[in-house]
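1. model this:
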Amino acid sequence: MAHTSGTRMRPDIEETRQHYEEAACRAVFQALDGLTLLAGLYLAISPWVANFTPLGRLTVNNLVTGLAVAALAVGFATAYGRTHGLAWVTPIVGVWTIIAPWILYGGAAPGRAVLNNVVVGIWIALTGLAAAGLAASGRGRGRGRTAHVNGTRPTV
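-> Next comes the predicted model:
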């Protein structure tokens with residue numbers, strides 16, 4: 001229930017929120033959210049799985065960014081209508097994951113750490129771009145289905 005503080009909520013805002021909630025219920029979105037969640041969780045534990053924990057800065061970086069991606073995925077899966085504004089963050093975190101070994105270690109990171117981050121970073125960036133793209137693709141189609149402020153429906 002939204003609190004409008006004495007003013008009427010704009011119908012297009014409710015329509016947009018409804019569109020995102022409906023989109024989040026589609027199987028494609030659920031699959032993308034699941035893949036993003038798995039990628040985030042893997043990124044968080046990857047220093048121990050790929051055995052590059054001696055790289056302290058990259059270990060902490062992967063743990064923090066992995067948990068952030070997992071939290072974003074949970075937010076998208078549970079309340080996409082309210083969290084869709086953060087969809088752009090996921091691909092940026094994916095790109096950061098790709099370049100982090102070079103930024104943090106100047107090319108001195110072991111190959112397994114670089115390969116791990118490149119693969120997981122691509123995975124995160126692609127799932128984030130796909131989810132953001134799918135949400136945006138149907139955004140304009142629903143316009144005009146709800147009554148406008150004056151109570152009339154627009155003609156198509």
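
2. Quick one: low-confidence residue ranges for the chain.
-> With pLDDT under 70 as the threshold, the chain has low-confidence stretches at 1-27, 80-82, 134-156.

3. All the helices of it, in order from the start?
-> 11-24, 27-49, 56-83, 89-105, 111-137 (DSSP state H).

4. can I get those helices in JSON lines with mean neighbour count?
-> In this view, the C-beta of every residue, glycine as well, is placed from N, C-alpha and C. Formatted as JSON lines, these follow (neighbours: other Cβ atoms under 10 Å):
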{"stretch": "helix 11-24", "mean neighbour count": "16"}
{"stretch": "helix 27-49", "mean neighbour count": "18"}
{"stretch": "helix 56-83", "mean neighbour count": "18"}
{"stretch": "helix 89-105", "mean neighbour count": "18"}
{"stretch": "helix 111-137", "mean neighbour count": "19"}
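
5. Verify the stated contact: residue 74 with residue 37.
-> Yes - Residue 74 is within contact range of residue 37, at 6.6 Å (criterion: Cβ atoms under 8 Å).

6. What distance do you get for residue 106 to residue 86?
-> Distance of residue 106 to residue 86, computed by Cβ to Cβ, to the nearest Å: 31 Å.

7. which of these two has more neighbours?
-> residue 86 (14 against 8; other Cβ atoms under 10 Å).

8. got the contact list for the more buried one?
-> For residue 86, the contacting residues are 72, 75, by Cβ atoms under 8 Å, 6 or more residues apart in numbering.

9. what's the answer for residue 100, then?
-> Contact analysis of residue 100 by Cβ under 8 Å, 6+ apart lists 58, 61, 62, 65, 117, 121.
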